[in-house]
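Chemist: Provided below are the primary sequence and the corresponding predicted coordinates.
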Amino acid sequence: MIRPVAQRFFEACQAQDRAKLSPACYVDFSIDSDPATFKAFCEAVKRGCTARELDDALGYGGRLTKLLHKYGQTHVTIAPTSYDEMEVPEYNKVTVGFVTQKFVRDEDGYYHCTEQNFTAGDEVNREVYDEEEQESIDISHTLQLRNEVYEPFNMAKPARTTESV
């Protein structure tokens with residue numbers, strides 16, 4: 001789904017009409033500082049830039065710059081936006097769930113894990129560690145989760161050992 005502000009900005013660019021822009025368009029696409037920036041976006045849309053692409057780049061200076069450059073507007077560089085400044089450089093994703101392990105007895109009587117499966121639960125937290133307070137802070141509600149690249153849970157099969165626990 002394309003957010004309304006991105007759709008509105010796309011339509012304003014198609015019409016090359018600044019009057020169709022909402023205040024959010026000015027901020028989210030960083031066109032409030034330089035009138036030439038809106039013209040560059042209009043040209044990018046004319047050259048094939050889609051509303052989906054605008055929505056994906058919305059609010060991020062680096063992404064907006066790459067998008068404009070992709071459509072030949074290499075003379076424009078978008079400065080970091082308020083979205084850029086709100087982002088954290090890294091976080092831990094904690095998924096609560098269950099691990100099921102299968103153990104098989106060998107000829108010496110030792111049980112070895114031969115396979116394991118992770119079953120993710122519904123509880124997922126995204127946390128940053130605050131060094132000063134020495135605690136983890138849940139940031140799940142502040143992140144734009146649409147920017148999180150999916151990473152599957154890859155569980156490695158344990159190496160076979162003869163050590164007993």
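Modeler: Noted; the coordinates are in hand.
Chemist: low-confidence ranges in this protein?
Modeler: Within the chain, the ranges that satisfy pLDDT under 70 run 33, 141-146, 154-165.
Chemist: which strands border the top strand by length along the chain, and is each parallel or antiparallel?
Modeler: The residue-count maximum for a strand in the chain (DSSP state E) belongs to strand 111-130. Sheet pairing of strand 111-130 (DSSP bridges) gives strand 92-105 (antiparallel), strand 135-138 (antiparallel).
Chemist: distance from the longest one to the middle of the chain?
Modeler: The one in question is strand 92-105. 26 Å (CA atoms, centre = their mean, to the nearest Å).
Chemist: residues in contact with that strand?
Modeler: Outside strand 92-105, the residues within contact range by CB atoms under 8 Å, 6 or more residues apart in numbering are 111-121, 123-129, 136, 148, 153, 155. Yep, even glycine has a C-beta here, placed from its N, CA and C like the rest.
Chemist: what's the helix or strand containing residue 40 packed up against?
Modeler: Using DSSP states H and E, the element containing residue 40 is helix 35-46. Contacts defined by 3 or more CB pairs under 8 Å, 6 or more residues apart in numbering; DSSP states H and E place helix 35-46 against helix 4-15, helix 61-70.
Chemist: out of the ones you listed, flag the one nearest residue 50.
Modeler: helix 4-15 (7.5 Å; CB to CB).
Chemist: residue 77 against residue 65, yeah?
Modeler: Yes. Residue 77 is within contact range of residue 65, at 5.2 Å (criterion: CB atoms under 8 Å).
Chemist: hmm, which of the contacts of strand 92-105 are the buried ones?
Modeler: 126, 127 (16 or more other CB atoms under 10 Å).
Chemist: just to revisit the earlier point, which residues are in contact with the helix holding residue 40?
Modeler: 9-10, 13-14, 16, 18, 21, 29-31, 49, 54, 67-68, 70-73, 75-76, 78.
Chemist: domain-wise, how is this protein divided?
Modeler: Per automatic domain parsing, the domain ranges recorded for the chain read 4-84, 92-147.
Chemist: chain center to the last one, what's the gap?
Modeler: The chain centroid and the centroid of domain 92-147 are separated by 20 Å, computed with CA atoms, centre = their mean.
Chemist: do stretch 51-69 as well
Modeler: 13 Å.
Chemist: for it, buried residues please.
Modeler: Within stretch 51-69, the residues scored as buried using 16+ other CB under 10 Å are 51, 53-55, 57-61, 63-65, 67-68.
Chemist: could you identify the most distant pair in the residues you listed?
Modeler: 51 and 61 (19.4 Å).
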